[in-house]
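# whatever this is, show me its structure:
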Amino acid sequence: MACGSTSLWAGEATWFCCGNAWGSCGSANTGACGTCQSAQNMAAWPNLSSACWDITRPDLCGDNMPRRTCGAVMNVRHQCSGATVCVTLADCGPRTKSFCGESSCCNGSCRTNRVIDLTPAAFSAIGSLSSGMVPVYIYE
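Residues are numbered from 1 along each chain as shown. Sure, this is the predicted structure:
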């Protein structure tokens, strides 16, 4: 399955650690799918399962995101630079409901709410880990 170009969502991307120690990450669990690794281009999605949805609740921020499950692939594009990375879903997250209304902007255009978490490898492909979050478009 390859990354596509059909628009799926837009919002903020953040990063998280999973699996074996790598770069700035210590050892962590391998996520809801059991496959997550910080050194791979992987991501966490708020509607990975009904159990995940119950934790992340993006709907409380106005985001009724579609269900995508373990192994689904997405193309994540940084709104400002246009840099893209193809990721495989491997975990549940981010906890969108905890960050309703938060925004990241560039060139006068903003994206709101944390809608995808990327592993450090994936996040580094589109932005600097030190930025913490970036506005993105998500395609499948």
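
# and for Thr14, nearest residue in space, chain neighbours not counted?
In space, not counting the residues next to it along the chain, Thr14 is nearest to Met133; the distance is 4.7 Å by Cβ to Cβ, 6 or more residues apart in numbering. To be clear about C-beta, it is placed using only N, CA and C from the backbone, and glycine gets the same treatment.

# I meant Asp91, not that one.
Gly31 (3.1 Å).

# residues in contact with the spatially most central residue of the chain?
In the chain, the residue lying closest to the centroid (Cα atoms, centre = their mean) is Ile116, at 2.2 Å. Ile116 is in contact with 9, 11, 13-14, 43-46, 74, 76, 94, 136, 138, counting by Cβ atoms under 8 Å, 6 or more residues apart in numbering.

# can you pull out the helices in the protein?
All helices of the chain, identified by DSSP state H, fall at 50-56, 120-126.

# how many neighbours does Asp54 have?
Neighbours of Asp54 under the rule other Cβ atoms under 10 Å: 9.

# pretty sure the residue nearest to Thr14 contacts Ala13?
Yes - between Met133 and Ala13 there is a contact under Cβ atoms under 8 Å: 6.4 Å.

# between these two, who's got more neighbours?
Shown here are Met133 and Ala13; by other Cβ under 10 Å, Ala13 has more neighbours (30 against 20).

# quick one: furthest residue from the center of this protein?
The outermost residue of the chain relative to its centre, with distances by Cα atoms, centre = their mean, is Gly108 at 22.3 Å.

# roughly how far does that one sit from Arg114?
Using Cβ to Cβ, to the nearest Å, we find Gly108 at a distance of 21 Å from Arg114.

# low-confidence stretches in this protein?
By pLDDT under 70, the low-scoring segments of the chain are 1.

# spatially nearest residue to Thr69, not counting backbone neighbours?
Leu48 (6.2 Å).

# surely the one you found meets Asp91?
Yes - Leu48 is in contact with Asp91 according to Cβ under 8 Å; the separation is 7.2 Å.
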